[in-house]
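[1] Build me a structure from this.
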Amino acid sequence: MQKHDLDDDANEQEFLESDIDMNAIETAIQALLLAFGEDPQREGLLNTPKRVARMYPELLSGYRTDPEKLVNDALFTVDYDDMVIVRDIEFYSLCEHHMLPFIGRAHVAYIPRGHVIGLSKIPRIVDMYARRLQVQERMTRQVADFINNLLLPQGVAVVVEALHMCSMMRGVKKHDARMTTSTMLGTFRSKIATREEFLDNISRGAGPLKI
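    Model prediction:
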């Protein structure tokens with residue numbers, strides 16, 4: 001048995017306990033294979049419906065993430081009120097229009113007003129919203145609103161840039177086109193100097209997005 005099959009078995013119980021209907025996914029994938037003109041019984045496809053069914057609970061785990069457990073009391077009282085930036089947070093998501101991946105990175109900043117959050121929690125917040133059927137514009141705003149409501153900071157800024165498979169593999173087939181979205185709240189919206197400081201910080205040394 002190959003390692004990835006062992007990993008699948010180890011995680012299967014967790015997946016089966018989710019609210020995703022695994023049997024319905026398997027049936028749907030079998031129907032798709034038939035619609036494509038394929039033979040679901042041939043060797044290479046025999047276990048494909050089950051593999052796909054096991055995949056989706058992981059890809060869409062953001063729906064079932066408990067925000068309270070995610071934060072897990074990782075809020076700390078501080079006197080610090082300078083900008084906090086976490087940049088180049090890698091993520092993947094599924095576009096809700098074609099259910100094809102979009103892959104990129106997020107840059108998140110906030111200016112504390114008495115509280116900060118543990119460093120590892122910001123990438124987890126990004127993942128919570130990325131691992132859903134999404135559009136990039138909405139995801140960007142959700143991350144900003146979550147941090148804003150959680151910390152009540154002076155301001156929050158989120159910039160997301162991503163490559164979308166739905167425009168690379170089909171349609172216009174533009175392989176290098178990337179989409180950038182941003183949400184600016186509080187002082188990042190009202191003060192040009194604050195916004196420019198953030199944008200300048202995330203632009204330094206940023207390499208091209210790669211798949």
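[2] how long is stretch 73-88 end to end?
    Across its full length, stretch 73-88 reaches 25 Å end to end, with Cα to Cα, to the nearest Å as the criterion.
[3] I'd like the distance from that stretch to the chain centre, please.
    On the basis of Cα atoms, centre = their mean, to the nearest Å, stretch 73-88 sits 21 Å off its chain's mean C-alpha point.
[4] got it, and stretch 52-72?
    When C-alpha coordinates are averaged (Cα atoms, centre = their mean), stretch 52-72 and its chain have centres 11 Å apart.
[5] next helix or strand past the helix or strand bottoming out on mean pLDDT in the chain?
    Using mean pLDDT, DSSP states H and E, helix 3-16 stands out as the lowest-scoring helix or strand of the chain, at a mean of 46. Toward the C-terminal end, the helix or strand that comes next after helix 3-16 (DSSP states H and E) is helix 22-35.
[6] Could you list the buried residues of that next one?
    Buried residues in helix 22-35, defined by neighbour count with 16 or more other Cβ atoms under 10 Å: 22, 25-26, 29-30, 33. In short, each C-beta sits where N, CA and C put it, glycine included.
[7] Could you do stretch 95-102 as well?
    Buried residues in stretch 95-102, defined by neighbour count with 16+ other Cβ under 10 Å: 95, 101-102.
[8] Please enumerate the helices of the chain.
    In the chain, helices defined by DSSP state H lie at 3-16, 22-35, 48-59, 67-71, 121-130, 136-151, 165-168, 187-190, 192-203, listed in chain order.
[9] Give me the most central residue, the chain.
    When the chain is reduced to its mean C-alpha position, the closest residue under Cα atoms, centre = their mean turns out to be Ala130, at 2.0 Å.
[10] how is this protein carved up into domains?
    The record's domain parsing of the chain by automatic domain parsing lists 3-59, 69-203.
[11] So what's the gap between the longest one and the chain middle?
    What that stands for is domain 69-203. In terms of Cα atoms, centre = their mean, the centre of domain 69-203 is set 9 Å apart from its chain centre.
[12] start to end distance for that domain?
    From the first residue to the last, domain 69-203 extends over 33 Å; the measure is Cα to Cα.
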